[in-house]
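>>> Kindly return the folded structure for what I paste below:
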Amino acid sequence: MGTVQSVDRALMILDILARDGEAGVTEIAGHLGVHKSTVSRLIDSLEERDLVEQHDPRGKYRLGIGVLRLAGATTARLDVVQEARSVAKSLAAATGETVNIAVLSEGAALYVDQVATAGAVQSHNWVGQRIPLHATSNGKVLLAGLSDAEARKVLGRRLASYTARTVTDVGAVVKQLAEVREQGYVVVVDELEHGLTAVAAPIRNAHGDVVASFSVSGPTFRFAEREVAAATTAVVEHALEVSRRLGWRGAA
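Next comes the predicted model:
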């Protein structure tokens with residue numbers, strides 16, 4: 001309970017500084033109704049993480065650059081969704097299937113947007129959910145944006161099996177990533193759930209970093225060789241368009 005209370009008070013300190021611009025330990029203690037020593041301890045922890053900084057020798061504090069770092073991460077995700085939304089609608093219309101956009105988050109693929117046409121077989125709304133990296137097309141694209149060492153670290157030692165086709169050997173998954181990087185897309189069939197096929201390609205920022213993954217998914221019975229080829233071409237082209245909007249000028 002004490003830890004939760006400390007977290008709550010630390011967040012209140014950030015709120016106070018956001019509201020007032022700057023404040024001293026005594027002022028903050030007065031707002032929170034706690035002793036100054038309690039505020040000092042919390043300030044020290046926040047300062048270590050650059051979330052607050054001392055404004056002047058009088059002991060005033062203000063929000064630090066760490067807040068900008070956190071806000072920047074959120075802004076980047078919002079930029080991807082904003083720039084990709086119309087393109088996702090175009091891709092869904094072109095393929096007649098469900099389009100998902102995912103980003104890397106806490107060792108998983110976090111789905112941040114989804115577009116489905118009226119004819120798409122949409123069994124689930126993935127937005128806001130984290131999906132395993134090793135068993136999904138979006139996840140493998142996001143992993144391919146990392147180095148092999150980083151990918152191994154994110155994957156860990158044990159990979160869960162979801163179907164008979166799920167690749168659970170870390171070395172085998174890492175080997176697949178080289179292919180994803182080389183061809184610029186990945187096709188995953190029945191690895192997360194039976195009857196689900198998905199094709200994904202990377203979305204890059206102005207620096208060429210993979211910041212998100214763009215995918216088309218649908219029932220496996222609708223994805224014969226010709227349909228997979230068409231979906232792959234469409235996904236790669238549309239992912240490149242979003243990357244262009246984010247400032248990427250490299251090749252697909």
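
>>> Got the confidence number for residue 121?
With respect to pLDDT, residue 121 has a value of 56.

>>> for residue 23, same thing?
At residue 23, the model reports a pLDDT of 88.

>>> Go ahead and report the secondary structure state at residue 213.
Residue 213 falls in the strand class when you classify it by DSSP: H, G, I helix; E, B strand; the rest coil.

>>> List the contacts of it.
101-103, 109, 137-139, 141-142, 200-203 (Cβ atoms under 8 Å, 6 or more residues apart in numbering). Quick note: C-beta positions are derived from backbone N, CA and C, even for glycine.

>>> can you pull the pLDDT of it?
At residue 213, pLDDT is 95.

>>> Show me the beta-bridge partners of it.
residue 102, residue 202 (DSSP bridges).

>>> mind checking how far it is from residue 30?
Per Cβ to Cβ, to the nearest Å, residue 213 is found 48 Å from residue 30.

>>> circling back: which among the contacts of residue 213 count as buried?
101-103, 109, 137-139, 141-142, 200-203 (16 or more other Cβ atoms under 10 Å).

>>> Please work out the average pLDDT along stretch 29-45.
Mean predicted confidence for stretch 29-45 is 90.

>>> quick one: contacts of that stretch?
Taking Cβ under 8 Å, 6+ apart as the rule, stretch 29-45 contacts 6, 9, 10, 12, 13, 16, 23, 25, 26, 28, 52, 61.

>>> pLDDT of the helix or strand hosting the second one, averaged?
Which is residue 9. Using DSSP states H and E, residue 9 maps to helix 2-20. In this model, helix 2-20 has an average pLDDT of 85.
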